[in-house]
Every structure is written in structure tokens, then in C-alpha cells.
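*Asks:* need coordinates for the following:
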Amino acid sequence: MQGMQGISLSSLKKHPALIPLYVCLGAGAVMAFGYTLRLAVKNPDVTWNRVTNPEPQQEYAEKQYKFYSPVRDYSTYRAPVPKYQD
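*Replies:* Sure thing, here's the model as predicted:
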């Protein structure tokens, strides 16, 4: 029994039209992984160490978090930061 065509390197050489499909699929998987990794590392809602940093949202009290806004210039805008108490 023969496997699916285009899966092995030798059968991919017989069907070169599948190469762009594999390149686009690989690029999409890498970008999805990179975006998920960025959200896990850079997002202020995620904390990896609650002992040393119990309130990670306080790190962004004076930082600009919004990446792009066509309406407002956030470089000079400072919104009041809510104070959360238990």
C-alpha cells in the first residue's frame, strides 16, 4: 500500500505545485506560535511569578499599552489608573 502523494520528499519532487502550500502552512503556523508566545510574555494580564510580582498590572500604570490608534495620540494622554484593593 502506498502512502499519500506529496508527503514524502521524493513524491513532493514529482508534485512541485504543493511546495507553496507547505510554505504558506508553515509560515502561518510559525506566526500563530509567535503571536501566542508574545501574548504569554508581554501581556500585562499574564503573570508567571505571583510571589515576586502579585500585581503585574501596576507595571503598566505609566506606560503606553495601546499600539496604534488613529483617533487619539496616546503619547501625551495619561488616564488615571484604578487602584484595586482586596
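*Asks:* got the buried residues for the helix ranked longest in the chain?
*Replies:* Ranked by number of residues, the top helix in the chain under DSSP state H is helix 19-42. Under the neighbour-count criterion of 16 or more other Cβ atoms under 10 Å, helix 19-42 has nothing buried. All C-beta spots, glycine's among them, are computed from the backbone N, C-alpha and C.
*Asks:* that helix packs against which elements?
*Replies:* Of the remaining helices and strands, none touches helix 19-42 by 3 or more Cβ pairs under 8 Å, 6 or more residues apart in numbering; DSSP states H and E.
*Asks:* hmm, who's touching that helix?
*Replies:* L12, V46 (Cβ atoms under 8 Å, 6 or more residues apart in numbering).
*Asks:* swap in 10 Å and give it another go.
*Replies:* Here helix 19-42 makes contact (Cβ atoms under 10 Å, 6 or more residues apart in numbering) with G6, L12, K13, H15, D45, V46, W48, Y65.
*Asks:* among the residues you listed, which ones are buried?
*Replies:* Judged by 16+ other Cβ under 10 Å, buried ones among the contacts of helix 19-42: G6.
*Asks:* for the contacts of helix 19-42, which two are the farthest from each other?
*Replies:* K13 and Y65 (48.9 Å; Cβ to Cβ).
*Asks:* lowest average confidence, helix or strand, in the protein?
*Replies:* helix 9-14 (a mean of 86; mean pLDDT, DSSP states H and E).
*Asks:* put the alpha carbons of that helix into PDB.
*Replies:* The C-alpha trace of helix 9-14 is given here as PDB (Å, rounded to 0.1, in the frame of the first residue of the first chain):
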ATOM      1  CA  LEU A   9      10.300  14.400  -0.200                       C
ATOM      2  CA  SER A  10      10.600  12.100  -3.200                       C
ATOM      3  CA  SER A  11       6.900  12.400  -4.000                       C
ATOM      4  CA  LEU A  12       7.000  16.200  -3.400                       C
ATOM      5  CA  LYS A  13       9.600  16.500  -6.200                       C
ATOM      6  CA  LYS A  14       7.000  14.900  -8.500                       C
END
